[in-house]
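K.L.:
Sequence and predicted structure, then a few things I'm wondering about:
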Amino acid sequence: PLPPALTSPHCLLVSFAVCFGHNQKSMSANRPVWVEDEAAIECSHCSAPFSALTRRHHCRSCGHVFCSECSAHALALPRLAYSSAVRVCSTCFHLHSLLALATAPATDLQRHALTATREWIELNLAEPPFPPHPTVVLAIECLMHLAEDPDAAAQRIISHCFALVTERENYRPHTVSAGALPCITRMMCSSCMVTCANACAVSCRLAQIDSLRFSLVGSGCVP
């Protein structure tokens with residue numbers, strides 16, 4: 001589901017304009033692996049069963065399969081080497097728009113993006129089915145951009161969001177691969193006890209993954 005702050009007409013209009021005018025930096029040059037048609041028996045968003053009348057459509061951003069209504073948006077994705085507009089699902093469309101808001105120069109847009117990111121994470125990571133990892137990586141990238149805001153309240157929200165994401169073990173490697181370790185390290189040094197505690201909890205969860213421990217030691221997240 002999409003939070004109200006993310007679906008307001010004002011947010012969508014501004015996001016749409018900013019998204020196409022913003023040259024997004026690629027955090028990962030790899031396109032997502034597409035779910036096989038045979039493995040998709042229903043829409044990943046609305047659960048409508050596929051049939052001769054309800055066709056399958058792949059979202060180019062997350063690689064999952066959707067019905068036509070749930071993948072009616074189109075975006076250019078230069079980060080994935082799609083220079084022309086391609087089909088994306090509703091969730092990825094809104095998260096790409098949210099990422100554009102997070103990197104916008106206007107502070108009010110960034111604060112709106114922070115509210116919407118928190119609401120999306122709280123709505124979608126509370127219980128299964130959980131969203132595919134490419135969409136969560138978009139939310140992580142939003143948090144990383146928004147973490148540049150030194151405001152103490154913003155830092156508390158961001159650390160809270162990282163804590164929610166890393167509660168799910170399968171999202172922990174993607175938190176690291178998205179480049180979030182320096183951000184988490186900075187929050188561990190925060191004078192705010194809540195922010196510091198959240199960041200420490202995140203680093204401890206990431207340190208449980210043996211294959212990531214070298215990266216965590218190098219970043220200063222764990223001793």
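P.N.:
Yep, that arrived. Just so we're clear, the structure is a prediction, and the values are computed from it rather than from any experiment.
K.L.:
Please, where are all the strands along this protein?
P.N.:
57-58, 65-66, 73-77, 82-88 (DSSP state E).
K.L.:
Neighbouring strands - and their directions - for the longest one?
P.N.:
Strands flanking strand 82-88 in the sheet, each with its direction: strand 73-77 (antiparallel) (DSSP bridges).
K.L.:
residues of the strand it pairs with that come out buried?
P.N.:
Neighbour-count burial for strand 73-77 flags 73, 75, 77 (criterion: 16 or more other C-beta atoms under 10 Å). Quick note: C-beta positions are derived from backbone N, CA and C, even for glycine.
K.L.:
For it, give the mean pLDDT please.
P.N.:
The average pLDDT for strand 73-77 rounds to 92.
K.L.:
can you pull the contacts of the residue nearest to residue 34 when sequence neighbours are not counted?
P.N.:
Nearest non-adjacent residue to residue 34, counting by C-beta to C-beta, 6 or more residues apart in numbering: residue 63, 4.6 Å away. Taking C-beta atoms under 8 Å, 6 or more residues apart in numbering as the criterion, residue 63 is in contact with 31, 32, 33, 34, 35, 132, 134.
K.L.:
Now do the contacts for the residue positioned nearest the centre of the chain.
P.N.:
Centroid check for the chain by C-alpha atoms, centre = their mean gives residue 139 as the closest residue, at 1.9 Å. With contact set as C-beta under 8 Å, 6+ apart, residue 139 has these partners: 95, 98, 117, 120, 121, 161, 165.
K.L.:
ok, the residue nearest to the last one when sequence neighbours are not counted - how many residues close by?
P.N.:
Meaning residue 165. Once flanking residues are discounted, residue 165 sits nearest to residue 171: 5.2 Å by C-beta to C-beta, 6+ apart. Number of residues near residue 171 (other C-beta atoms under 10 Å) recorded here: 21.
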